[in-house]
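Chemist: The following comprises the amino acid sequence and a computationally predicted model.
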Amino acid sequence: MRYGVIGTGWIAKSFIDGARLICGSEFVAVYSRTAESGDKFAAANNIEKVYTDISEFANGDFDAVYIASPNRLHYEQSKLMLENGKHVICEKPITVEPDELAELQALADEKGLIYVEAIMYMFNPARELLKDAIGKIGKITSVHFDFSQLSSKYPAYKRGELPNIFNPALATGCLMDLGIYCVYPALDLFGLPEKITACAHFMESGADGSGVAGLLYPDKLVNFTYSKLGQDRLGSQIFGDEGTVKIESISKLVNMTLTDNSGNETEIIGDVAKEKLMGYEAQGFERFIANPNDPYYNVIKERAMQVSTVMKEIREISGIEFK
Ligand SMILES: NC(=O)c1ccc[n+]([C@@H]2O[C@H](COP(=O)([O-])OP(=O)(O)OC[C@H]3O[C@@H](n4cnc5c(N)ncnc54)[C@H](OP(=O)(O)O)[C@@H]3O)[C@@H](O)[C@H]2O)c1
């Protein structure tokens, strides 16, 4: 598969490395707002062509685009790429609003193109291991997911700068960045909740720096916490009446264990390199392009829509706004 890339941050490099490693994908073009940044990224990643005009990029000689720009741009850039006949894999969150996602899913279908969210959880082989494991711990009544990761941009924010991730005008903040990694497994493992409660802690910039949400089901409560202002050291846990599944990283599903009620711990999976997990996203995307009738593509589309809808509800309850 021949790709063009939008965005020149570290995550774009990680996707390129993963896709080359797992799928042997080719990366032939990059779009950047400036030639300087584009040239630097192209040289570091062995990419031949740099575009600084997005319309020219959209007509480039490649089949697919990986988008890793700030969240606010995902909708308009994905739309432009789909209109120009490119398959799109876009970083999470795939769009800000669920109605934008519905519009672009319909556009992709109409044009016979594949359009997916780059979310590690849905393409991670450990997702099946997790499902097997929670089938072994009896009746599950409570779940706690956490994704609290101290932001490398927080020192700059404290110095008075405004990094993109703490700038609400770009539809960023902690729920959109980290909370989404808790919403995905909650909905994928347990379905849509009957009721949602949530609140957030706001920074002076107006961005949500941390938050909490509770998803109530008839038989269980799934709660999650997320923060960019402090570092989790405990991980996530799913509690059953016959055992507990512990997940060190809810985004990567690595270092998972199952502990029975006698305290016997067994490993479900150890560590996996992030590049590999990014490569699995590319692998799934390329599989759908080769076979658009793959039934898992419908699961991916439906889950993305459910997550986008629940994220919007959490934002409304928590008072998270993008302006
Ligand atoms: N899957 C993961 O683990 C993971 C990890 C990190 C981020 N992400 C996602 O990847 C996306 C990008 O995140 P990031 O932290 O890399 O973002 P970022 O550094 O703020 O921006 C990414 C790129 O977009 C361009 N850009 C920056 N500010 C812009 C602006 N105001 N207007 C237009 N373009 C701008 C820059 O490229 P040029 O200057 O070259 O144009 C920059 O390299 C987000 O959607 C995020 O959620 C995913």
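Modeler: Ah, there it is.
Chemist: residue ranges of the helices in the chain, please?
Modeler: In the chain, the helices defined using DSSP state H lie at 10-23, 35-45, 54-58, 74-83, 98-111, 120-123, 126-134, 154-158, 174, 180-190, 274-290, 295-318.
Chemist: K92 is nearest to which of those helices?
Modeler: Relative to K92, the nearest member of the helices of the chain by CB to CB is helix 180-190, separated by 5.4 Å. C-beta coordinates here come from the backbone N, C-alpha and C atoms, glycine included.
Chemist: what's next to the closest one, contact-wise?
Modeler: For helix 180-190, the surrounding residues in contact (CB atoms under 8 Å, 6 or more residues apart in numbering) are 92-93, 119, 121-122, 127, 130-131, 134, 143, 145-147, 193, 213, 215, 217, 220, 222, 224, 226, 236, 238, 250-251, 303, 306-307, 310-311, 314.
Chemist: is that helix anywhere near the ligand?
Modeler: No. Applying CB under 6 Å from any ligand atom, one finds helix 180-190 out of contact with the ligand, separated by at least 8.1 Å.
Chemist: Could you tell me the average pLDDT over that helix, please?
Modeler: Average pLDDT, helix 180-190: 98.
Chemist: Distance of the residue lying closest to G243 once chain neighbours are set aside relative to T257?
Modeler: Spatially, and ignoring its direct neighbours in sequence, G243 is nearest to I137 (3.7 Å; CB to CB, 6 or more residues apart in numbering). Going from I137 to T257 by CB to CB, to the nearest Å gives 11 Å.
Chemist: Near I134, how many other residues are there?
Modeler: By other CB atoms under 10 Å, the residues close to I134 number 18.
Chemist: Quick one: residues contacting it.
Modeler: Per CB under 8 Å, 6+ apart, neighbours of I134: I140, L189, I238, G240, V245.
Chemist: Next one: it relative to K79, how far apart?
Modeler: 38 Å.
Chemist: go on, K228?
Modeler: 29 Å.
Chemist: Spit out the contact partners of the closest residue to the ligand within the stretch 101-250 of the chain.
Modeler: In the stretch 101-250 of the chain, the residue that lies nearest the ligand is N164 (3.4 Å; CB to the nearest ligand atom). By CB under 8 Å, 6+ apart, the contact set of N164 is P70, K153, L170, T172.
Chemist: Mind doing that once more with 6 Å?
Modeler: Residues in contact with N164 (CB atoms under 6 Å, 6 or more residues apart in numbering) are P70, L170, T172.
Chemist: Which one (most neighbours) among these?
Modeler: Most surrounded of the contacts of N164: other CB under 10 Å gives T172, at 23 neighbours.
Chemist: got any ranges where the protein has weak pLDDT?
Modeler: Low-confidence regions of the chain, defined here as pLDDT under 70, do not occur.
Chemist: Pull the contacting residues for the residue in it that the ligand sits nearest to.
Modeler: As assessed by CB to the nearest ligand atom, the ligand sits closest to G9 within the chain, at 2.7 Å. By CB under 6 Å, 6+ apart, G9 lies in contact with nothing.
Chemist: Look up how far E242 lies from the residue of the chain most remote from its centre.
Modeler: Distance from the centre of the chain peaks at S262, with 35.7 Å (CA atoms, centre = their mean). The gap separating S262 from E242 is 10 Å, by CB to CB.
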